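[1] Could you look at this predicted model? Sequence included:
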Amino acid sequence: MHITLCFSPVGDTFRVRARMFPGLINCTAIDWFHPWPQDALVGVANRFLSEITVLPDEELRQKIADHMAFVHLSIAEANQNFRVQMRRNNYTTPTSFLELIKFYRSLLE
């Protein structure tokens, strides 16, 4: 039997659940998520930006989506530098990218 569980490593929830259910950690293989490629980030950003009526210009919408993907990917690179220097992890997850989109949408509206 194969069961897939998805937990975000951000915050205390994962650590608390791992303590409550040690069998989830001890008897399983943990496969960490893989970063999204840039074209996927741009596609998701375009999808959410298409709902904004303030951006009638398609070229401007594409530039904003490209910028959002660039920011998310540059943060992932900065996280690697942070890990080397501070020996601590900082994660950028798909949820953090969706929060970035939500922030941009609120600024644009």
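    Noted; the coordinates are in hand.
[2] hey, let's count contacts and neighbours off CA atoms from now on
    Will do.
[3] Quick one: list the elements packing against the helix or strand harbouring L60.
    Here L60, judged by DSSP states H and E, is contained in helix 58-86. Under the contact criterion of 3 or more CA pairs under 8 Å, 6 or more residues apart in numbering; DSSP states H and E, helix 58-86 touches helix 38-49, helix 94-108.
[4] So for M1, which of those helices sits nearest?
    helix 94-108 (27.5 Å; CA to CA).
[5] What is the distance between that closest one and the centre of its chain?
    10 Å (CA atoms, centre = their mean, to the nearest Å).
[6] Report the angle between it and helix 38-49.
    40 degrees (axes from the mean of the first three to the mean of the last three CA atoms, to 10 degrees).
[7] just to revisit the earlier point, give the rounded mean pLDDT of the helix holding L60.
    For helix 58-86, the mean pLDDT works out to 91.
[8] in that helix, what counts as buried?
    Neighbour counts over helix 58-86 (16 or more other CA atoms under 10 Å) mark R61, Q62, I64, A65, D66, M68, A69, H72, L73, A76, N79, Q80 as buried.
[9] and which of the residues you listed is nearest M20?
    The nearest member of the buried residues of helix 58-86 to M20, counting by CA to CA, is N79 at 28.8 Å.
[10] Just to check, the closest one is in contact with Y91?
    Yes: taking CA atoms under 8 Å as the definition, N79 is a contact partner of Y91 at 7.0 Å.
[11] thinking again about what came up before, now do the helix holding L60 against helix 38-49, angle only.
    130 degrees.
[12] before we move on, back to that, quick one, which of the helices and strands packed on helix 58-86 gets closest to I3.
    Here helix 94-108 is closest among the helices and strands packed on helix 58-86 (CA to CA), at 21.3 Å.
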